[in-house]
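Q: coordinates for the following, if possible.
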Amino acid sequence: MKLVSFDQVELEDVNVEGAKGAHIRWLISQKDNAPNFALRMFEIEVGGQTPFHKHPWEHEVFVLEGNGALVTDLGEKEFKRYDVIYVDPSTNHQFKNIGETTMKFLCIIPHEPYKVENKKKAVNPFASGQANNC
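A: Numbers count the residues shown, from 1 in each chain. Prediction:
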């Protein structure tokens, strides 16, 4: 189990080609014995961005602060505080800060590389919106 304030987790630079003014906090990760997923908080400076890239797993994002643009091969879509973003697997994507303050968002990813040949449809009783007791 882990219970800490987010600001007690180290803020690291994103040192990947194409990233600019991007920082990350690994809020929950394998080092915390989380078996399946990592929860990360990105902090993107004004005018900053993540790299334009793709990978075989999805991104599930919740915007905490700021204004940004999701860049894909289809163009740019603006987003704001409290928006929810889903990026499909194998989709080129980038997050840009187009606002006047630091942009912060949570992003969940799997630990293990996603393998298409092992893909199984998950049955989630909460996905239908019928169960709300968690």
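
Q: now the strands for the chain?
A: Per DSSP state E, the chain carries strands over the ranges 12-13, 20-28, 37-49, 59-65, 68-72, 75-79, 84-87, 94-97, 103-110.

Q: for the first one, name the packing helices and strands.
A: Helices and strands touching strand 12-13, as assessed by 3 or more C-beta pairs under 8 Å, 6 or more residues apart in numbering; DSSP states H and E, comprise strand 20-28. Backbone N, C-alpha and C define where each C-beta goes, glycine included.

Q: list the buried ones in the strand it packs on?
A: Using 16 or more other C-beta atoms under 10 Å as the test for burial, strand 20-28 gives G21, A22, H23, I24, R25, L27, I28.

Q: what are the pairing partners of it, and which direction each?
A: Strand 20-28 pairs in its sheet with strand 12-13 (antiparallel), strand 37-49 (antiparallel), by DSSP bridges.

Q: please state the offset of it from the chain centre?
A: In this view, strand 20-28 has its centroid 10 Å away from the chain centroid, taken as C-alpha atoms, centre = their mean, to the nearest Å.

Q: also stretch 9-18?
A: That offset, for stretch 9-18, works out to 13 Å (C-alpha atoms, centre = their mean).

Q: same question, stretch 82-91
A: Put simply, stretch 82-91 sits 8 Å off its chain's centre (C-alpha atoms, centre = their mean).

Q: between the two ends of it, how far is it?
A: 22 Å (C-alpha to C-alpha, to the nearest Å).

Q: just the residues contacting that stretch, thanks.
A: For stretch 82-91, the surrounding residues in contact (C-beta atoms under 8 Å, 6 or more residues apart in numbering) are 54-64, 70, 72-73, 79, 93, 105, 114.
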